[in-house]
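Enquirer: build me a model:
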Amino acid sequence: MVNLLQAACLPRAPSFSTGCCKLAWMAGVAACLHASPLMAQPRAGYTAIEYARLDNPGATTVIRSMNSANEVAGGFQRDRRRASSALVFFPNNAVEDVVGNQGAGNSVLYGINDQGEVAGAYNTSVAMRPFRAVRRAGLQELALPPGGTGGVAYAINELGEAAGYASGTAGVQAVWWTRQGAVRLLQSAGNQTARALDLNDRGDVVGVSGDAVRTAVVWPQKGGMVSLAPLPGFRHSEAVSISENGTMVGVAIGVGEFLNRARGVLWPAGGGAPQDLGVLPGGVDTRARDVNSRGEVVGTSSSTSGDRAFVWTASTGMLDLNTLVAVPGLVMTDALSINRRGDIVVMGYDGQAGAHPHGETDEHVDHHAARRIFVLRPLQ
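Expert: This is a model prediction of the structure:
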């Protein structure tokens, strides 16, 4: 039986959210990214469903996306004697190994769509190679551009198109793949490194470009690359997720008074200034992981109690998910994906938030404890 735990949300004032001066985008971007997000309503709370307890402290764990059926894509080293495996996670520690014995080592899933198709990468004797797979029906290694030796597919949309990067003699290039597996280059800025990190069903692609300075970019409908406006005082940025209506989120890395500080950012569909998502009380760093078409953003924020998973909306601001659902003993440190309905994948560990003597926090306890994966479903 699935383990269900419920808790009501206590009213809580949102943390601060700062705006920036309004910046105009190119007219072509506005034409492609014109829809405005629906306003999400404050959540009353969530039901928590346990998916996995990963009893291999120190092993690399990747959890990156979830589809509308609440199937979770990622990768984990289940056996210390073996490489990590590309897995689809289900409730009660059920998993599906997608790659199996193919490849020569580690494999991981990054994207999953509502058809159950997945995208990711696995090791060969030469390099990491991108793939897409129709689960239980075979794996397809994706093509590389001329001179390419490796790559990664980070996302897959409902049309079966994937996006990621290829590397080789031409450097690191942002690419997308057709449903048939043919590779297409995305526009780049000269010889600079570029990676595509997400795409939606209408073909808008987001990612990052640059080496000395990393800049969040969007390729509207797979067209020309457009740089996204940075947060004032923050030098580097990357866009990691784009919703079906074109809202984008990511992270900015600061300089000067914000040196090495990370801040979650939202770029509205159709243009406009980037929005600083703020931090939880006592925190200094945030990272936005995902956004849906309701305008709900999830990610991780530092706080007085350590790293905490958050959900953000324009009406509520940033909320600690640990205050919206109570799972005995669980500390949720990161919210990694949110689907169209508002279901959220979170990662955490067993511990007691704020229960340490002498003002110590539990910020790093999750590095040494078994990680736990839950899906949170909004209470109706």
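Enquirer: spatially central residue for this structure, please.
Expert: Nearest to the mean C-alpha position of the chain, by C-alpha atoms, centre = their mean, lies Arg289 at 3.7 Å.
Enquirer: need the contact list for it.
Expert: 240-241, 249, 298-300, 334-337 (C-beta atoms under 8 Å, 6 or more residues apart in numbering). Quick note: C-beta positions are derived from backbone N, CA and C, even for glycine.
Enquirer: for those, give me CSV that also has secondary structure, pLDDT and neighbour count.
Expert: What follows is the contacts of Arg289, written out as CSV (DSSP: H, G, I helix; E, B strand; the rest coil; pLDDT from 0 to 100; neighbours: other C-beta atoms under 10 Å):
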residue, secondary structure, pLDDT, neighbour count
Val240, strand, 98, 25
Ser241, strand, 98, 25
Val249, strand, 98, 28
Val298, strand, 98, 27
Gly299, strand, 98, 26
Thr300, strand, 98, 26
Asp334, strand, 97, 22
Ala335, strand, 98, 26
Leu336, strand, 98, 22
Ser337, strand, 98, 23
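Enquirer: pLDDT score for Ala370?
Expert: What the model reports for Ala370 is a pLDDT of 78.
Enquirer: likewise Ala104?
Expert: For Ala104, pLDDT reads 53.
Enquirer: just Asp79 next, same as before
Expert: With respect to pLDDT, Asp79 scores 65.
Enquirer: relative to Gly283, which of the contacts of Arg289 is nearest.
Expert: Using C-beta to C-beta, Thr300 comes nearest to Gly283 of those, at 9.7 Å.
Enquirer: quick one: contacts for the closest residue to the closest one other than its chain neighbours?
Expert: Among residues not flanking Thr300 along the chain, Asp334 sits closest, at 4.3 Å (C-beta to C-beta, 6 or more residues apart in numbering). Counting by C-beta under 8 Å, 6+ apart, Asp334 touches 289, 299-300, 307, 309, 346-348.
Enquirer: thinking again about what came up before, secondary structure class for the residue nearest to the centre of the chain?
Expert: What DSSP: H, G, I helix; E, B strand; the rest coil gives for Arg289 is strand.
Enquirer: where exactly do the helices run in the stretch 201-350 of the chain?
Expert: Counting by DSSP state H, counting those that start in this stretch, one finds no helices in the stretch 201-350 of the chain.
Enquirer: show me where it has strands.
Expert: Secondary structure of the stretch 201-350 of the chain by DSSP state E, counting those that start in this stretch: the strands cover 205-209, 215-219, 226-227, 234-242, 248-254, 262-267, 275-276, 286-291, 297-301, 308-313, 317-320, 330-338, 344-350.
Enquirer: near the closest residue to Ala269 other than its chain neighbours, how many other residues are there?
Expert: What sits nearest to Ala269 in space, not counting adjacent residues and going by C-beta to C-beta, 6+ apart, is Gly246, at 3.2 Å. Around Gly246 there are 25 other residues, counting by other C-beta atoms under 10 Å.
Enquirer: make residue 1 into 57 and carry on from there
Expert: Sure thing, new numbering starts at 57, so read that last one as Gly302.
Enquirer: surely Ala238 meets Ala199?
Expert: Yes. Taking C-beta atoms under 8 Å as the definition, Ala238 is a contact partner of Ala199 at 5.8 Å.
Enquirer: quick one: which of those two has more around it?
Expert: Ala199 (17 against 10).
Enquirer: need the helices for the stretch 57-206 of the chain, in chain order.
Expert: 83-88.
Enquirer: so where's it uncertain?
Expert: 57-100, 113-114, 134-138, 157-160, 192 (pLDDT under 70).
Enquirer: now the strands for it?
Expert: Under the criterion DSSP E, counting those that start in this stretch, the stretch 57-206 of the chain carries strands at the ranges 60-64, 101-110, 117-122, 128-132, 141-146, 150-153, 163-168, 173-179, 184-190, 195-197, 204-212.
Enquirer: for the longest one, name the packing helices and strands.
Expert: Based on contacts counted as 3 or more C-beta pairs under 8 Å, 6 or more residues apart in numbering; DSSP states H and E, the elements that strand 101-110 packs against are strand 60-64, strand 128-132, strand 141-146, strand 427-434.
Enquirer: strands paired with the second one, and their directions?
Expert: Its sheet considered, strand 128-132 pairs with strand 117-122 (antiparallel), strand 141-146 (antiparallel) by DSSP bridges.
Enquirer: what comes into contact with the first one?
Expert: Put plainly, it is strand 117-122. 110, 128-132, 140, 145, 164-168, 210-211, 346, 392-395, 399, 401, 403, 427, 429, 431.
Enquirer: tilt between that strand and strand 342-347?
Expert: For strand 117-122 against strand 342-347, the angle by axes from the mean of the first three to the mean of the last three C-alpha atoms, to 10 degrees is 50 degrees.
Enquirer: pull the CA atoms of strand 117-122 into PDB?
Expert: Written as PDB, here are the backbone C-alpha positions of strand 117-122 (Å, rounded to 0.1, in the frame of the first residue of the first chain):
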ATOM      1  CA  THR A 117      21.700  10.800  -7.200                       C
ATOM      2  CA  VAL A 118      20.000  12.500 -10.100                       C
ATOM      3  CA  ILE A 119      16.300  13.300 -10.000                       C
ATOM      4  CA  ARG A 120      15.300  15.800 -12.600                       C
ATOM      5  CA  SER A 121      11.800  15.500 -14.100                       C
ATOM      6  CA  MET A 122       8.300  14.000 -13.600                       C
END
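Enquirer: contacts only, for Phe132.
Expert: So Phe132 contacts 108, 110, 112, 115-118, 140-141, 143 (C-beta under 8 Å, 6+ apart).
Enquirer: the residue nearest to Ala325 against Gly328, yeah?
Expert: No. Counting by C-beta under 8 Å, Gly302 stays clear of Gly328, with 11.2 Å between them.
Enquirer: overlap of the contact sets of these two?
Expert: Listed contacts common to Gly302 and Gly328 are nil; contacts here mean C-beta under 8 Å, 6+ apart.
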